[in-house]
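Need the 3D shape of this:
(chains A and B)
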2 protein chains.
Amino acid sequence: MFIELDFESDIPIYMQLVHAIIEGIATRELKPGDELPPVRTLAADLGVNMLTVNKAYQHLKQLGFIQIHRKKGAVINSDEMRQADDEFYERLLTSLRPLAMESICRRLTKNQFLTLCSKIFDEIELKGGKC
Amino acid sequence: MFIELDFESDIPIYMQLVHAIIEGIATRELKPGDELPPVRTLAADLGVNMLTVNKAYQHLKQLGFIQIHRKKGAVINSDEMRQADDEFYERLLTSLRPLAMESICRRLTKNQFLTLCSKIFDEIELKGGKC
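Numbering: from 1, shown residues only, chains lettered A, B, ... in the order given. Have a look, this model is predicted:
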C-alpha cells in the first residue's frame, strides 16, 4: 500500500497516516484480517518517528479499525467492528460543521457543497470502495 | 459573541477559536467591519494564552476573513475578500475526503452522508447564515 505524507501540511503526520489507512480500508486495498507493517518497519519506510506510527495505530484501534495482537501486530478489523455509532455521528458533525460554515462564508450554495461531497463518494467507489 | 471551547477536544484551541469566529461570520453575528476583541482581552475572557488567540487571528487573516489594523486590531473583512478560490476548494476536498472515507468504512451510504451535510446547511441558514 502506497502512503504519501505531506510534511508541509497542517494535518499532523500521525493523522495523515490514520487517513491513509482508513482510505486503504474504504477502497478495499486493506481487507479484514490483513496485517499492517510493524511500527518499526513502517516508521523506517516513511522516514518518521516510531512514536508517530504508534500514535496512528493506537488511534486506529480506538476508532475500531484495527486490533493490536501481541504476535501479529496491527490487524484490520472485520467490517462489523466499525459500524457508525452515536460517537461517530457526533464526530462527523463536529468535523463537517466548520467546513459547511466556511463554505457558506465563501458563498458556496448548499447544492455546490453537496455536489462536491457526492463527487468524492463517486471517486472512492470507483476506486473499489463500499466496505 | 459567545465562544465555547472544549479543552478535552483533539482539535487545537486556536482552531476551535477560528471555527467559532467563522461560524459567527457565517451566521451573520459578525458583520464586515466588526472589530474582534483585542488579543489580550479575548485571551483573558477565555482563559487561554495570548499566543493562542494571536495564532487564531493570524490564521483567520491568512484565510482572508479578517484584516489586522494597527489601531483597530482585528476587523472582519468584506464578503468579497473571501470568495471560494482554488486553494479553498483544494483544502475543502482534503478535509472532506477522510470524512467520506471513514463514513464509507462505517457503511454510511452516499445519500446518508449528503442528508447529514444538507441538515447542517439548513441549521446554519436557520441561524441567519448566507454570507
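
Is the host helix or strand of residue A:59 positioned near chain B?
Assigned by DSSP states H and E, residue A:59 belongs to helix A:50-62. No - shown here: helix A:50-62 not in contact with chain B (CB under 8 Å from any CB of the partner chain), separated by at least 9.2 Å. Where C-beta positions appear, they are placed from N, C-alpha and C, glycine not excepted.

What's the first helix or strand after that helix?
strand A:66-69.

Tell me the helices and strands packed up against the helix or strand following that next one.
Once the chain leaves strand A:66-69, the next helix or strand it forms, by DSSP H and E, is strand A:73-76. For strand A:73-76, the elements it packs on are helix A:50-62, strand A:66-69, judged by 3 or more CB pairs under 8 Å, 6 or more residues apart in numbering or on different chains; DSSP states H and E.

can you pull the pLDDT of the closest residue to residue A:113 other than its chain neighbours?
The spatial neighbour of residue A:113 that comes closest, neighbours along the chain excluded (CB to CB, 6 or more residues apart in numbering or on different chains), is residue A:103 at 5.1 Å. We have a pLDDT of 95 for residue A:103.

Also residue A:45?
95.

From residue A:39, how far out is it?
11 Å (CB to CB, to the nearest Å).

cool, residue A:20 as well?
15 Å.

Could you do residue A:111 as well?
Noted for residue A:111: a distance of 44 Å to residue A:39, by CB to CB.

So residue A:45 and residue A:39 - more neighbours on which side?
Between residue A:45 and residue A:39, residue A:39 has the larger neighbour count (other CB atoms under 10 Å in any protein chain shown), namely 19 against 11.

Excluding chain neighbours, give the residue nearest to that one in space.
Closest residue to residue A:39 apart from its sequence neighbours, by CB to CB, 6+ apart: residue A:53 at 4.7 Å.
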